[in-house]
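# just to be clear, the model below is a prediction. Sequence and coordinates:
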Amino acid sequence: MSQQQPSGEQGDFLAEAQLAINDVGDGIVAIKQLSKRLNNPDDISTAYINIKSNKNKEFCIELSPKGYRIVGNQFDDKSQPSTVIYESLQALLTNESKSYVDSFAESLQQKLFAAQNELQQEQNNDEDD
């Protein structure tokens, strides 16, 4: 039996949630996973994501056709749904988790330093030729 999606709202939100989790870089958050307890593979119209920040703050996040929103402050808890909806997981985490922003900035800075060092090494090698 196929799921009937609202008009204009198509898609597998469990798969989309997994893609969003994968987009959050390693080390940016401590834990990022689909909720094993709340997600129902027979109902792909809503997905739940558990995130733990590097400062041990937990979020249970719902992804629905409306977007992303926090629904609880513990894993697998949807008892405190927020009315604030975000277009992306990154936008939600940027607004709701200072440690996410700090970790993202630190990761970006490390990548920039690594790229700068690599460029300097290439320039030094060119000068040696």
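Cool, the structure landed.

# could you list every helix and strand in contact with the lengthiest helix in the chain?
Secondary structure of the chain read by DSSP state H shows that its longest helix is helix 98-128. If contacts are counted by 3 or more C-beta pairs under 8 Å, 6 or more residues apart in numbering; DSSP states H and E, helix 98-128 sits against helix 89-96. For every residue, glycine as well, the C-beta is placed using N, CA and C.

# pull the residues that contact the helix it packs on.
The set of residues external to helix 89-96 that reach it, using C-beta atoms under 8 Å, 6 or more residues apart in numbering, is 20-21, 23-24, 29, 49, 51, 59, 61, 63, 68-70, 84, 86, 100-101, 104.

# could you give the mean pLDDT of that helix?
Across helix 89-96, pLDDT averages out at 90.

# what comes up buried for the longest helix of the chain?
For helix 98-128, the neighbour count (16 or more other C-beta atoms under 10 Å) marks Ser99, Tyr100, Ser103, Phe104 as buried.

# nearest to Glu16, of the residues you listed?
Ranking those by separation from Glu16, with C-beta to C-beta as the measure, puts Tyr100 on top at 19.5 Å.

# contacts only, for the closest one.
Counting by C-beta under 8 Å, 6+ apart, Tyr100 has contacts Ile28, Val29, Ser53, Asn54, Leu93, Thr94.

# at 7 Å instead, please
Counting by C-beta atoms under 7 Å, 6 or more residues apart in numbering, Tyr100 makes contact with Ile28, Val29, Ser53, Leu93, Thr94.
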